[in-house]
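1. Here is a sequence together with a model predicted from it:
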Amino acid sequence: MRWVTYMSDGGDRVGVLDGERIHGLPPGTSLIDLLADLREAGARALAAPYEVIPLAGTRLRAPVPVPPSIRDCLCYLDHMRNCLKVAGGSGELPGIWYDIPAFYFGAPSTVVGPYDDVPIAPGSAWFDFELEIAAVIGEGGRDLSPEEAERRIAGYTIYCDWSARDLQLLEGQLKIGQAKGKDGATTLGPWLVTPDELEPYRRDGRLALRAEAKVNGDVIGSGGTDTMDWTFGEVISYASRGVELRPGDVFGSGTVPGCCLIEHFGFPAPAAFPGWLKDGDVVTLSVDGLGEVRQAVRATDPPLPLPSRPRPAAERGRPRVNRARAAVPYTRGLHQVGDGVWAWLLPDGGYGLSNAGLVAGQGASLLVDTLYDLPLTAEMLSAMREITDRNPLTHAVLTHANGDHTHGGQLLAESVRVIAAKGTAEEMHTEVPPDMTVALQVVDLGPVLTPYLRDRFRTFDFSGIRLRHPDQTYEGRLTLDVGGREIHVLDLGPAHTGADSVVHVPDAGVLFAGDLLFIGCTPIVWGGPIANWIAACDTMIGLDPALVVPGHGPVTDIDGIRAVRGYLGHVTEQADAAYAKGLDAKEAAFGIDLGEYGTWLDAERVVVNVHQRYRELDPGLPALDPVTLFALMAEWQAVRGG
């Protein structure tokens, strides 16, 4: 028999399926009341139904809308092995996994039906599904043997464990179990199928049901339910030790291996990852004999923040203050820097705290860069609205591919023409995807690197970002007409990245330099060569701007360009001298004399810059991955930064 709970006349009803029609029982009946003897209740419903309605068009609820308890078990050890491999391990589980079955408690109050929308866990950018099946207890009991436990199962249903992987990673570091990473939603449905109905699928005493998971019609994974390492009988027996199980208690099987996103996640090949779930994505889960659930995920409001507690053992670091001279007040927000030209500034200019710009012509305007996340970009666009309502945005130039200048692009109207250098457009396809950046906030990378990254990246919200790629590319130089104003866009890279554009507004004497300029904070050479960055500084000086808006730091003038040029020359000289002495790149960076540049914020970036220079001197020197470079910067900061 296949049992359903459905909506009728504004309330929950219970019925048994006969083909494509529901034979309903009288109002006030719940499936939990019937679980001890579904055969007798089903015969009654079929013989004398309270109502008979078509299945099509009827809203199905979860078979047991509010279970007494939910235990999600981990019956498939291959799922856990795969997750460990994703995290960079060997996949070998500790011995305890083979000695006792694992489970955790879910939230009965957040059970959703088989076709209901599913809210993304507030604050999560790594939202995932897990295709499982569930056993529902019919007759209660305690201290059950595995054989007795199997006989207490009233039926089976599809189970989806919706998981906020980023929150789960953070909470896992508390080492006390699952919390907000797992309690946002659990799907049950579409119906509860009695064990006798599934007998044709049994192989060697196990249910051999084919399961498949899709997102937006694309298959993510598939497998069979007969690969369980721990059976339902065993996990229910274990759970019943000293505990009275009740009718309606739900036991999830754990994920059928491969039937979730986390098992396909990985940094070595980010382009192969299908991406975490975002607003509007549709997840379809099907299991032989149990039917199919199909649900859209929906965005939610951000969570209300909670302040961190004081850390008694934490050392007090020096306050971060950008001490560079500012040509206009260096405060957060919109500042006019020329006739019809504005800069959006985000102090203190550290990681992700980037600047942007607006140039207004007659009835049209141009945006220079977006910001690191959607809330920051929305705040900026809102502040610009008084200008852009009169002179609508028609163009947006992305100065380079880094996320702190590109992530907000989806908030621009479709009518806005997004422009970037050809190299920038290409590099945007190989940059770490926005939701991958969440790893900087949640992954435990050890006692030195973890606090370093969290201190610098924890305030950003990387959820819901869909990268918008350029509509138009250019090479070398591009001249734009924006409401009658001539604007020059020049690619002066590779330098900071593979391509670095500047936006020059000649009639206002303003230059938007992108990340070719860091003022009061240390430049970082992700691309290089350094000599080309120095040449770019010379080109910018030659434009003779009155004011220069850097990618990070306060608004400056030509002296600010000269300062960055001086830093790059100084690092080159120091690195070359260390190389000549036979020091390796780490020894050179950790022993460098930064002189007057030692007071700039994020001085530890010199590690990346020295490594870049060493690779220029010795092209055979292997490149270091970003995690290794961040680890070296964190170590430098701990040793040298105070």
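-> Cool, the structure landed. Here the structure is a predicted model, which means the values were calculated and not measured. Numbering: from 1, shown residues only.
2. Strands of the stretch 151-300 of the chain, start to end?
-> 153-161, 163-164, 186-193, 202-203, 206-207, 210-215, 218-224, 250-252, 282-287, 291-298 (DSSP state E, counting those that start in this stretch).
3. Partner strands of the fifth one and their direction?
-> To tie it back to what came earlier, the one meant is strand 206-207. Sheet pairing of strand 206-207 (DSSP bridges) gives strand 202-203 (antiparallel).
4. repeat for the last one
-> Partners of strand 291-298 in the sheet, by DSSP bridges, are strand 118-119 (parallel), strand 282-287 (antiparallel).
5. swap in the third one?
-> Taking DSSP bridges as the criterion, strand 186-193 sits next to strand 2-8 (antiparallel), strand 111-112 (parallel), strand 153-161 (antiparallel) in its sheet.
6. Of those, give the one that comes closest to Pro302.
-> Set against Pro302 and scored by Cβ to Cβ, these come closest in strand 111-112, at 21.1 Å. For every residue, glycine as well, the C-beta is placed using N, CA and C.
7. mean confidence for the closest one?
-> Strand 111-112 comes out with an average pLDDT of 98.
8. Please apply the same query to stretch 165-172.
-> Rounded mean pLDDT across stretch 165-172 is 94.
9. Quick check: buried residues in that stretch?
-> Residues 165-171 are the ones in stretch 165-172 that count as buried (16 or more other Cβ atoms under 10 Å).
10. Could you work out the most separated pair of those residues?
-> That would be Arg165 and Glu171, which, of these, are the farthest apart (Cβ to Cβ) at 10.7 Å.
11. Now list whatever residues contact both of these two.
-> The contact sets of Arg165 and Glu171 overlap at Gly181 (Cβ atoms under 8 Å, 6 or more residues apart in numbering).
12. Dump stretch 467-487 to CSV, keeping only the CA atoms.
-> Below are the C-alpha coordinates for stretch 467-487, written out as CSV (Å, rounded to 0.1, in the frame of the first residue of the first chain):
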residue,chain,number,x,y,z
LEU,A,467,28.8,35.7,-11.8
ARG,A,468,27.9,38.0,-14.6
HIS,A,469,30.4,37.8,-17.5
PRO,A,470,31.2,40.7,-19.8
ASP,A,471,29.0,41.5,-22.8
GLN,A,472,31.9,43.2,-24.6
THR,A,473,35.6,42.7,-24.5
TYR,A,474,38.5,44.9,-25.9
GLU,A,475,42.2,44.7,-26.4
GLY,A,476,44.7,47.4,-25.7
ARG,A,477,42.5,50.5,-25.6
LEU,A,478,38.8,51.4,-25.9
THR,A,479,37.1,54.8,-26.2
LEU,A,480,33.5,55.1,-24.9
ASP,A,481,30.9,57.8,-25.3
VAL,A,482,28.8,58.0,-22.2
GLY,A,483,26.2,60.7,-22.5
GLY,A,484,28.5,62.9,-24.6
ARG,A,485,31.6,62.3,-22.4
GLU,A,486,34.6,60.6,-23.9
ILE,A,487,36.0,58.0,-21.6
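13. What's the mean pLDDT across it?
-> On average, stretch 467-487 scores 98.
14. Run the chain-centre distance for that stretch.
-> Distance, stretch centre to chain centre, for stretch 467-487: 30 Å (Cα atoms, centre = their mean, to the nearest Å).
15. Can you point out the buried residues in it?
-> The neighbour-count check on stretch 467-487 (16+ other Cβ under 10 Å) flags 467-468, 470, 473-474, 478, 480, 482-483, 485, 487 as buried.
16. do stretch 403-417 as well
-> Of the residues in stretch 403-417, those buried (16+ other Cβ under 10 Å) are 403-409, 411-412, 416-417.
17. now do the same end-to-end measure for that stretch.
-> With Cα to Cα, to the nearest Å as the measure, stretch 403-417 spans 19 Å from end to end.
18. which residues touch Leu381?
-> Neighbouring residues of Leu381 by Cβ under 8 Å, 6+ apart: 388, 408, 411.
19. How much space separates the first one from Gly551?
-> Spatial separation of Thr388 from Gly551 under the definition Cβ to Cβ, to the nearest Å is 22 Å.
20. which one of the two has more residues nearby?
-> Gly551 (28 against 20; other Cβ atoms under 10 Å).
21. so which helix or strand takes in that one?
-> Using DSSP states H and E, Gly551 sits within strand 547-552.
22. what packs against that strand?
-> Packing contacts for strand 547-552, counted by 3 or more Cβ pairs under 8 Å, 6 or more residues apart in numbering; DSSP states H and E, involve strand 333-338, strand 510-518, helix 558-580.
23. still on that earlier bit, helices - which of the buried residues of stretch 403-417 land there?
-> Using DSSP state H, no member of the buried residues of stretch 403-417 sits in helices.
24. Closest one of the residues you listed to Cys537?
-> Ranked by distance to Cys537 (Cβ to Cβ), the buried residues of stretch 403-417 are led by His405 at 19.1 Å.
25. Nearest residue to the closest one in space, ignoring adjacent ones along the chain?
-> Distance criterion Cβ to Cβ, 6 or more residues apart in numbering; nearest residue to His405, sequence neighbours excluded, is Asp369 at 4.3 Å.
26. confidence score at that neighbour?
-> Each residue has a pLDDT score; the one for Asp369 is 98.
27. Next, count neighbours for the closest residue in space to Leu170 that isn't next to it in sequence.
-> With sequence-adjacent residues excluded and distances taken as Cβ to Cβ, 6+ apart, Leu170 is closest to Val442, at 4.9 Å. Here the number of neighbours of Val442 (other Cβ under 10 Å) works out to 23.
28. What are the boundaries of the strands in the stretch 451-600 of the chain?
-> Assigned by DSSP E, counting those that start in this stretch, the strands in the stretch 451-600 of the chain fall at 472-474, 477-482, 485-491, 501-505, 510-518, 547-552.
29. Pro247 is nearest to which of those strands?
-> Between Pro247 and the strands of the stretch 451-600 of the chain, the tightest spacing by Cβ to Cβ is seen for strand 547-552, at 61.3 Å.
30. State the mean pLDDT of that closest one.
-> Mean pLDDT, strand 547-552: 98.
31. Can you tell me what sits against that strand?
-> By Cβ under 8 Å, 6+ apart, the residues outside strand 547-552 that reach it are 327-328, 337-338, 343, 349-350, 353-355, 357, 368-369, 399, 405, 496, 509-519, 521, 540, 555-558, 560-561.
32. From the residues you listed, keep the buried residues only.
-> Using 16+ other Cβ under 10 Å as the burial test, the contacts of strand 547-552 include 327, 337-338, 343, 349-350, 353-355, 357, 368-369, 399, 405, 496, 509-519, 521, 540, 555-556, 558, 560-561 as buried.
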